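A.B. asks: Quick one: sequence and predicted model below, then my questions.
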Amino acid sequence: MSTQLYAAIREDSKYFYQNPPQLPFPVTITNTTDAYRVLGNGDDYRLDDVYLFVKAGQTYRPINN
């Protein structure tokens, strides 16, 4: 069974305006040669630009800070 990852754009990211504050969206992590490894919300993000979560019931649990 795989775990679905979610992300919310960090407040200090230049991409913050693209998503309602702290609204997690589904993402995948890719193995790429550039820094933009997080795919979701119709765009690519660096790990430094997002908070990552897993969903447990109706709660999103952070896995990075």
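C.D. replies: Looks like it arrived, so ask away.
A.B. asks: Please count neighbours and contacts with C-alpha atoms only from this point.
C.D. replies: Noted.
A.B. asks: Quick check: next helix or strand after the longest strand along the chain?
C.D. replies: Counting by DSSP state E, the longest strand found in the chain is strand 50-56. With elements assigned by DSSP states H and E, the helix or strand that comes after strand 50-56 is strand 59-62.
A.B. asks: Just list what that next one packs against, helices and strands only.
C.D. replies: strand 50-56 (3 or more Cα pairs under 8 Å, 6 or more residues apart in numbering; DSSP states H and E).
A.B. asks: what packs against the strand it packs on?
C.D. replies: By 3+ Cα pairs under 8 Å, 6+ apart, strand 50-56 packs against strand 5-9, strand 59-62.
A.B. asks: The shortest one pairs with which strands, parallel or anti?
C.D. replies: Sheet pairing of strand 59-62 (DSSP bridges) gives strand 50-56 (antiparallel).
A.B. asks: on that earlier part again, got the CA coordinates for the longest strand of the chain in CSV?
C.D. replies: Output in CSV follows, covering the C-alpha atoms of strand 50-56 (Å, rounded to 0.1, in the frame of the first residue of the first chain):
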residue,chain,number,x,y,z
VAL,A,50,6.8,23.2,0.5
TYR,A,51,5.7,21.6,3.7
LEU,A,52,5.1,17.9,3.2
PHE,A,53,2.2,16.0,4.8
VAL,A,54,0.6,12.6,5.0
LYS,A,55,-3.1,12.3,5.5
ALA,A,56,-4.4,10.3,8.5
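A.B. asks: What residues sit buried inside that strand?
C.D. replies: V50, Y51, L52, F53, V54 (16 or more other Cα atoms under 10 Å).
A.B. asks: what is the rounded mean pLDDT of it?
C.D. replies: On average, the pLDDT along strand 50-56 is 92.
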